[in-house]
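Visitor: The following block contains a protein sequence and its predicted model.
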Amino acid sequence: MNEPVDALATNCREQARSGLQRGDAARAEQAYSCLLELLPDDAEALQFLAGQELGRGHALRAIELLRAARSTRPADAAILHQLGEAQMLAGDLAAAANSLREGLALAPGMFVARLRLGVVLEQLGQRHEAMLAYAGAINTAQSRGRWLDDSTTAAGLRDAVKHAARYVSAIRHELFDAIMEPLRERYGRSELQRVDLCLSIYLGGQPAPVPDPRQRPRFLYFPGIPSQPFYPRERFPAQARLEAAVDAIRGELLATLAQPQQDVVPFLGTDSATAMAARLLGAAGADEPAWDAFFFYRHGERHDANCARCPHTSGVLDSMPLVRVREHAPETLFSILRPGTHILPHHGVTNTRLVTHLPLVVPPDCALRVGGEIHAWQEGRCVTFDDTFEHEAWNRSTRDRAVLIVDSWNPDLSQAEQAAVADLVAAIGDFNRASEASSLPRP
C-alpha cells in the first residue's frame, strides 16, 4: 500500500469507528464504504457493511460481502457466525449449518451462534441434533449468567430462547420416556409409578414433595419413601461382613498410608480442588484443611491397582450389594480427614442411595452431623445416613481420621425401582454429556 492510500484508508477507518461510537450508523456506513473502495479485502469494513445489508433484508449481498471477509480471515469465528446468519435468512440451511458449526469449532462459547444452529437444524428436521444444539446454547449461556430470565436475555432473543427451552424439555421427556417404557413392560407400570413420578420431578413437571426441610437432593429426588437422616443397622445385614473384617481392613489402610502416597489423592480432585475446597473445606487450626481419598471405585470405575494393594478390603467390597450405575456408582474409598479439617455443611445428590461409614481410625474430637443430629464414630461399627440431608464432618484432633465409605441402595426402593433408577441415571448422564459435548468444538 502506498502512503497516500494508507493515509486515506486510516482516515476512513477512524471516521467509521467514530461514527459507531456516536451511534451514527449512516456515517459509519459511508466511511466503511469509502474504506472498502480503497481496500477491497478489508474484513472490518466487509463485516460492518454485511451487517447493514442484513438489516435491510439483503441476505445475498451480505453473503457476498462475508465470503470476501472470510477469504481474508478464514479462522475468524465471528465472520462465520454472521455468514451462517445470512445464509439462514437466504434459506440456504445446509450452508448455514456448516458455517455455524465451523465458527463454533473455533469459538465454542458463542452461545447465540449455537442457538441459531439449533434453529437451522430444527428447520432441517434433525430433531435430536437441534435439541443438543439448543441445550448446549442454554447451558453455555447460563454458565455465564445469561438467559436465566428475561432480565438476563436480550429482548430480541427472548422468544427464541424460550422456544429452545421448551424444545429441549419436550425432547428430554420423549427420550427418558423411551428409556422407561421397556422397564414398565418388564416390571409392570404399577411397580414403577414412583419412578415415573421421580422422573417427572426431575424434568420439572412438578415440585419435589420433600417432607423434611433439612433434606435437599441436588440431583434426583425419589418420592414416597421415608425421610430420615440416619438408618437403623438392621436394614443392612450385609454390613456385618464389613464389621467382621475391620481389623484386616484397618491393617490394609495403615499399610497404604505408610507407603508413598501417589495413590492417595484429594477427594475433591486436583483440577477443581481450589474452588471446591473453598466451598467445602474449613480449618479448625493453623494447618491447611485436607480431605484425601484412596479409591476402590470412583464414578463406577474400579481402580484395579488400588484393589490389588488391599485384597482383603476389595474382596469384602466386591461381596457387598453396592449401588451399580454405569459411569456413576459404586463409590467406595478410604476417606482420610486430615487434622484440623472441617467438611462444611452441604447436601448430597439423591436419596435413592445411602452412604455407609466403617470407622477405622477415629481420634477424639471427630464427629459427623446429619440433619442436625451429631454422631460420634465408633471404630468398627458402621453408620448409614442419607446425605441429601445437610451434613458435615470434622476432625479437631491432631491425627488423621479414616473411614471406609461404601454406598448402598436405599432399602425402601424395590428391586424393580433400583433397576429403573440405575437405567434412568445412566440415561441422564448420557444426555448431559451429549449436551456438554455439543458445546465443544468438533474434531
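Guide: Cool, the structure landed. Nothing here was measured: the structure is a model prediction, and the numbers come from that model.
Visitor: what stretches of this structure score poorly on pLDDT?
Guide: Per-residue confidence for the chain (pLDDT under 70) gives these ranges: 1-3, 270-278, 436-443.
Visitor: So which elements touch the lengthiest helix in it?
Guide: Assignment by DSSP state H gives helix 158-187 as the longest helix of the chain. Using 3 or more C-beta pairs under 8 Å, 6 or more residues apart in numbering; DSSP states H and E, the elements in contact with helix 158-187 are helix 111-123, helix 127-143, helix 193-202, helix 415-437. All C-beta spots, glycine's among them, are computed from the backbone N, C-alpha and C.
Visitor: Tell me which of those lies nearest to Asp247.
Guide: helix 415-437 (31.7 Å; C-beta to C-beta).
Visitor: neighbouring contacts of that closest one?
Guide: 132, 135-136, 139, 172, 175-176, 179-180, 183, 186-188, 191-192, 194-195, 198-199, 202, 220, 222, 323-328, 350, 352, 409, 413 (C-beta atoms under 8 Å, 6 or more residues apart in numbering).
Visitor: Save the helices and strands packed on helix 158-187 as a markdown table, and put in mean neighbour count and distance to Glu243 too.
Guide: Formatted as a markdown table, these follow (neighbours: other C-beta atoms under 10 Å; distance: least, C-beta to C-beta, whole Å):
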| stretch | mean neighbour count | distance to Glu243 |
| --- | --- | --- |
| helix 111-123 | 23 | 52 |
| helix 127-143 | 22 | 44 |
| helix 193-202 | 19 | 32 |
| helix 415-437 | 18 | 24 |
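Visitor: so which of these comes closest to Gln261?
Guide: Closest among the helices and strands packed on helix 158-187, using C-beta to C-beta: helix 415-437, at 30.5 Å.
Visitor: and the longest helix of the chain, how far from the chain's centre?
Guide: 18 Å (C-alpha atoms, centre = their mean, to the nearest Å).
Visitor: Then stretch 219-231?
Guide: With C-alpha atoms, centre = their mean as the basis, stretch 219-231 stands 23 Å off its chain's centre.
Visitor: next one: stretch 94-106
Guide: On C-alpha atoms, centre = their mean, the centre of stretch 94-106 falls 25 Å from the chain's centre.
Visitor: and if you look at stretch 148-166?
Guide: With C-alpha atoms, centre = their mean, you get 21 Å for stretch 148-166.
Visitor: Span of that stretch from start to end?
Guide: 14 Å (C-alpha to C-alpha, to the nearest Å).
Visitor: List the buried residues for it?
Guide: Of all the residues in stretch 148-166, those buried under the rule 16 or more other C-beta atoms under 10 Å are 153, 157, 160-161, 164.
Visitor: Provide a list of residues in contact with the nearest residue to Ala164 once chain neighbours are set aside.
Guide: Once flanking residues are discounted, Ala164 sits nearest to Tyr134: 3.8 Å by C-beta to C-beta, 6 or more residues apart in numbering. Contacts for Tyr134 (C-beta under 8 Å, 6+ apart) come out as 114-115, 118, 164-165, 167-168.
Visitor: now Ala376
Guide: Ala376 touches 366-368, counting by C-beta under 8 Å, 6+ apart.
Visitor: How about Arg309?
Guide: For Arg309, the contacting residues are 252, 256, 263, by C-beta under 8 Å, 6+ apart.
Visitor: Run a quick check on the second one versus Asp263, I expect a contact.
Guide: Yes: here Thr256 lies in contact with Asp263, judged by C-beta atoms under 8 Å, at a distance of 7.5 Å.
Visitor: one step back: export the contacts of Tyr134 to TSV and tack on distance to Leu65?
Guide: Formatted as TSV, the contacts of Tyr134 follow (distance: C-beta to C-beta, whole Å):
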residue	distance to Leu65
Arg114	24
Leu115	23
Gly118	25
Ala164	29
Ala165	34
Tyr167	32
Val168	34
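Visitor: Can you show me the helices along the stretch 251-400 of the chain?
Guide: For the stretch 251-400 of the chain, the helices defined by DSSP state H, counting those that start in this stretch occupy 273-280, 304-309, 311-318.
Visitor: Could I get these in TSV, plus columns for distance to Thr388?
Guide: Rendered in TSV, the data for the helices of the stretch 251-400 of the chain read as follows (distance: least, C-beta to C-beta, whole Å):
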stretch	distance to Thr388
helix 273-280	16
helix 304-309	28
helix 311-318	23
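Visitor: Deepest in the core, which of these is it.
Guide: Greatest average neighbour count among the helices of the stretch 251-400 of the chain goes to helix 311-318 (a mean of 18), per mean count of other C-beta atoms under 10 Å.
Visitor: Okay, Ala308 and Glu243: tell me how far apart.
Guide: Ala308 sits 24 Å away from Glu243, going by C-beta to C-beta, to the nearest Å.
Visitor: do the same with Cys34
Guide: Taking C-beta to C-beta as the measure, Cys34 and Glu243 are separated by 85 Å.
Visitor: More neighbours: the two, which one.
Guide: Cys34 (18 against 13; other C-beta atoms under 10 Å).
Visitor: The more buried one against Glu14, yeah?
Guide: No: if you go by C-beta under 8 Å, Cys34 and Glu14 don't touch, sitting 11.3 Å apart.
Visitor: Now do the contacts for Thr153.
Guide: Residues in contact with Thr153, defined by C-beta under 8 Å, 6+ apart, are 146-147, 161.
Visitor: Then Val120?
Guide: Val120 touches 84, 88, 93, 96-97, 100, counting by C-beta under 8 Å, 6+ apart.
Visitor: just those residues now: which is nearest Pro40?
Guide: Using C-beta to C-beta, the contacts of Val120 come closest to Pro40 at Gly84, 23.2 Å.
Visitor: Any figure for the gap between the residue nearest to Leu100 when sequence neighbours are not counted and Ala90?
Guide: What sits nearest to Leu100 in space, not counting adjacent residues and going by C-beta to C-beta, 6+ apart, is Gly84, at 3.8 Å. Between Gly84 and Ala90 the distance is 11 Å, computed by C-beta to C-beta.
Visitor: So which residues of the stretch 1-150 of the chain form helices?
Guide: 3-21, 25-38, 43-55, 59-72, 77-90, 93-106, 111-123, 127-143.
Visitor: JSON lines please, covering those and showing distance to Asp423.
Guide: Converted to JSON lines, the helices of the stretch 1-150 of the chain look like this (distance: least, C-beta to C-beta, whole Å):
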{"stretch": "helix 3-21", "distance to Asp423": "55"}
{"stretch": "helix 25-38", "distance to Asp423": "56"}
{"stretch": "helix 43-55", "distance to Asp423": "47"}
{"stretch": "helix 59-72", "distance to Asp423": "46"}
{"stretch": "helix 77-90", "distance to Asp423": "38"}
{"stretch": "helix 93-106", "distance to Asp423": "32"}
{"stretch": "helix 111-123", "distance to Asp423": "28"}
{"stretch": "helix 127-143", "distance to Asp423": "19"}
